[in-house]
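Student: predicted model and sequence follow; I will ask about them next.
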2 protein chains.
Amino acid sequence: MAQTLPYKSLIVVDRNARLSLHIQVCNSFISLITNGTLQPNDLLPGSRVLAGLIGINRNTVKLAYDELISQGWAESIERKGIFVLSKLPMGSKAPIARPATDQDEKNAFSWNNNLGHIFPNEQLQHLTLAIDDGFPDVRLAPVDLLMREYRSLSRKFYGKGFLKYSTAMGSEELRSAIQRYLAHSRGLVISTEQLMITKGSQMGIYLASRLLLNPDDQIAVGVSNYGSADDTFRNSGAKLLRIPVDEEGMNIDELEKALQRKKIKAVYIIPHHHFPTTVTLSMERRLKLLNLAKEYRFAIIEDDYDFDFHYDNKPFLPLASIDHHHQVIYIGSISKTFAPALRIGFMSGPPAFIKAAASLRQLIDKQGDTLLEEALATLYNEGEMDRHFRRSLKIYRQRRNSFCEILKADFNNMIEFKVPEGGLGIWANFDAKVELKKVAEEAARKGLYIGNGTYYHNENFSPNAQRLGFASLREDEMGRALDILKRVL
Amino acid sequence: MAQTLPYKSLIVVDRNARLSLHIQVCNSFISLITNGTLQPNDLLPGSRVLAGLIGINRNTVKLAYDELISQGWAESIERKGIFVLSKLPMGSKAPIARPATDQDEKNAFSWNNNLGHIFPNEQLQHLTLAIDDGFPDVRLAPVDLLMREYRSLSRKFYGKGFLKYSTAMGSEELRSAIQRYLAHSRGLVISTEQLMITKGSQMGIYLASRLLLNPDDQIAVGVSNYGSADDTFRNSGAKLLRIPVDEEGMNIDELEKALQRKKIKAVYIIPHHHFPTTVTLSMERRLKLLNLAKEYRFAIIEDDYDFDFHYDNKPFLPLASIDHHHQVIYIGSISKTFAPALRIGFMSGPPAFIKAAASLRQLIDKQGDTLLEEALATLYNEGEMDRHFRRSLKIYRQRRNSFCEILKADFNNMIEFKVPEGGLGIWANFDAKVELKKVAEEAARKGLYIGNGTYYHNENFSPNAQRLGFASLREDEMGRALDILKRVL
């Protein structure tokens, strides 16, 4: 039957492919054999016939057959031709290969699939006008300067082993630059052994979670909290203990009551402009939290991703800066201040903890992006990052003010909010009559992306509220966006 | 006593810092208060005195004191001056803050610290001449082309949301490019839903490990195996089941015996040039392994990081290409073929598995490096990657041959090895008399880095052997390197 096979369509060769033609032909035959189309003892077409059928040189076919024989798939029999080997190593006839479908998982192996919700930005990428969750304006990022550094670095280090493997702690240069920056900007005095570069604050949260939390450990988080952090802690098998959050941030007295009842391994806290509600933890609570950490021996995971965005120039010191017993793991982000797609952040903690985090990171992706790290180090050292911060801070303050004025003027009866001291978004509580899901759908039809609020929901928290990011919108865009939103409401 | 404090040294201000001077002064006082140097009811120095001491404007000091009062640290008493608040929220006196030391971990929280050995390349970065483990020659990487792409991309997408968050699956463009590349280069036909971009093959191993393995699950690996993979599986809590490896790769008959005895969740295998011993899995064993996977329902993690380096142009098809039951998770690397510091790889598997891997990846670092991914996509689509492969393959083949000739000629009595069909390193078994530790030390003194063999050791494997990477050495460097090695031996 073999001669009758439609070889013209079965044997597909691609002249542009890297693989030499005869190997391609050989591979096609192996597929036909392994998927059962060709059976043991089948006769293969003569080299001249096949060469004619698929339009390649006859010698190429001969080479392919030699290859097939040398790989143990076929044998050549004097004056008869080339046959599929009678005794093939493989077992039963298999179906013809095809791209896998979800159905295949049932027949194949099993895996853990208890993962969190997908970050909601598919739509965000496509609609041109968006009230996002509180992103920076990527148009402000000094991309040209970054590119300038990339070029000079790649020239400078070219062939100097610069592109070999580096270390999981991150670039020495960048770690020193960030060490100085932390001391200047927030009085956080640490050694570079206490500092590692991460891929955004998310990797800091993941590494800390994996190192601190074992299955069924308890971690305290806000009743309202950053969903990706919740998912990450759950992924480590930990149990979430929800602590109320009010105008002064997490209620530390409630935390203390919980500590008296049960062992808590760690507390995750966003002290500046808590996500999503933008409240800031009061100094009194900060100090009480630090003392509880000392007394009950738990770790504080301080996610201060938003520190750099203060509009009244009165940032509190981070917990880490007034932490005299090294209970605090301090996590920060540069992605937020520069551009989300450039995943750079940092994590600080006791040297041995950072060392452990670095060796875990090595199992995940070996190291960070050397080129980006070295380039950012230069931008810090030349003061470009400072200039960028000052410049965007000024612009964001202006945008926050304009945005809030419009909300006050035009949405007074539908949206309740507090002007945030910092950060890139407003926590807008909508009137009970407003159905956010419908609003989001209607707005999308009018060309505006806006979330429907469900992203912030968890088992204990489901307000009729949505974060409104003002930082990424120019005044004109802001006007158009809020105009659409108003019409929808 | 407060007046007698050496404020000149205690209050440190930095005029180049982002933080305004008065906030810096305020923060210094907060530290002095929280670390106990300043006690409740202590009188703060007069603004004129302090201004003189630290050489700043008196009004700046006044602003600092206002800030201190508004933050609730101090109070102003008519005609007396400014005092540290009598009732501070914090508890007992704390030691003065200092950078943390390893000692601190004893006093602080605890964490998991069961991690693997650190990748041995610190020394490698510093010595100019190195016989590495089998790295590519970064000097061959088309960095200029990459930079050209970076520039045009950053212009093209500037302000188009290009630097916003993207997806955890990786760039659509790059996934399509790699999909085509896999079909051309190794007959692997998959849909883009079966493909995700990773940060090097290591991230593929990590994600697969986290999804497939739960504590005490069994995973089968070679008696000799890639150490980072072993560490990653252990990090998921899995138990390693060591299967013998011979000249034809992993002994699949031994695997079958093990399967009859116990449940095995997955098999990790490096079918082309197994690490470290460079043996290739025979076709017969490949087919038997696939049939066992189908029969016993386990996943095959196929780490084919080395596929692109074949010198005799006879690559076997990957297991994934002849896998008709979708038991195979296929992991590949672009870092290896381009430059280790540009962490890019890919993983393929059933769509639902890849989806789960992407949502786990989102918890780790949200997404990859968009700029690099888009740039590489263009290099693939313009055929530049192909040209790069062909070019380096030619050069590496030549280097392999020269290297092996020298070994045969000059090290015949001390080193036993087989010429590898592919890959970037040679597995060199040293004569029992040779002490590799001493060799490495002596060579380092003479300016040559070479490993001492311990990197490949595990509980079941400790040969007197070392991988000798030939690919990163030009002929002249090769000569010098092997000359030093010869003198040392």
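Tutor: Noted; the coordinates are in hand.
Student: contacts and neighbour counts: CA atoms only from here.
Tutor: Noted.
Student: against chain B, how distant is A:Arg390?
Tutor: 8 Å (Cα to the nearest Cα, to the nearest Å).
Student: and that residue, how many neighbours?
Tutor: Neighbour count of A:Arg390, defined by other Cα atoms under 10 Å in any protein chain shown: 15.
Student: now swap in the one 10 residues further on and tell me
Tutor: The tally of other residues near A:Arg400 (other Cα under 10 Å) stands at 23.
Student: where does it fall, secondary structure wise?
Tutor: Taking DSSP states H and E as the criterion, A:Arg400 maps to helix A:384-410.
Student: can you mark which positions in that helix are buried?
Tutor: A:384-386, A:388-389, A:392-393, A:396-400, A:402-404, A:407 (16 or more other Cα atoms under 10 Å in any protein chain shown).
Student: what parts of the stretch 251-400 of chain A come near chain B?
Tutor: A:283-284, A:287-288, A:291, A:294, A:297-299, A:314, A:317, A:322-327, A:339-343, A:349-353, A:356, A:359-360, A:362-370, A:386 (Cα under 8 Å from any Cα of the partner chain).
Student: buried subset of these as a PyMOL selection?
Tutor: Selection of buried members from those for PyMOL, criterion 16+ other Cα under 10 Å:
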select buried, chain A and resi 283+284+287+288+291+294+297+298+299+317+322+323+324+325+326+327+339+340+341+342+343+349+350+351+352+353+356+359+360+362+363+364+365+366+367+368+369+370+386
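Student: go through the residues of the stretch 251-400 of chain A next to chain B and flag which are in strands.
Tutor: Within these, residues falling in strands by DSSP state E are A:Ala299.
Student: let's see which of the residues of the stretch 251-400 of chain A next to chain B end up in helices.
Tutor: Using DSSP state H, A:283-284, A:287-288, A:291, A:294, A:351-353, A:356, A:359-360, A:362-365, A:370, A:386 are the members of those that sit in helices.
Student: now do the contacts for the nearest residue to A:Val328 once chain neighbours are set aside.
Tutor: Closest residue to A:Val328 apart from its sequence neighbours, by Cα to Cα, 6 or more residues apart in numbering or on different chains: A:Ile300 at 4.7 Å. Residues near A:Ile300 by Cα atoms under 8 Å, 6 or more residues apart in numbering or on different chains: A:266-269, A:293, A:327-329.
Student: in the stretch 1-150 of chain A, which spans are helices?
Tutor: Assigned by DSSP state H, counting those that start in this stretch, the helices in the stretch 1-150 of chain A fall at A:7-10, A:21-34, A:47-54, A:58-70, A:104-107, A:122-126, A:143-157.
Student: okay if I get these as JSON lines plus mean pLDDT, mean neighbour count and distance to A:Ala443?
Tutor: Listed next are the helices of the stretch 1-150 of chain A as JSON lines, based on pLDDT from 0 to 100; neighbours: other Cα atoms under 10 Å in any protein chain shown; distance: least, Cα to Cα, whole Å:
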{"stretch": "helix A:7-10", "mean pLDDT": "81", "mean neighbour count": "14", "distance to A:Ala443": "50"}
{"stretch": "helix A:21-34", "mean pLDDT": "83", "mean neighbour count": "23", "distance to A:Ala443": "51"}
{"stretch": "helix A:47-54", "mean pLDDT": "90", "mean neighbour count": "16", "distance to A:Ala443": "55"}
{"stretch": "helix A:58-70", "mean pLDDT": "89", "mean neighbour count": "19", "distance to A:Ala443": "60"}
{"stretch": "helix A:104-107", "mean pLDDT": "54", "mean neighbour count": "14", "distance to A:Ala443": "38"}
{"stretch": "helix A:122-126", "mean pLDDT": "56", "mean neighbour count": "15", "distance to A:Ala443": "12"}
{"stretch": "helix A:143-157", "mean pLDDT": "78", "mean neighbour count": "16", "distance to A:Ala443": "31"}
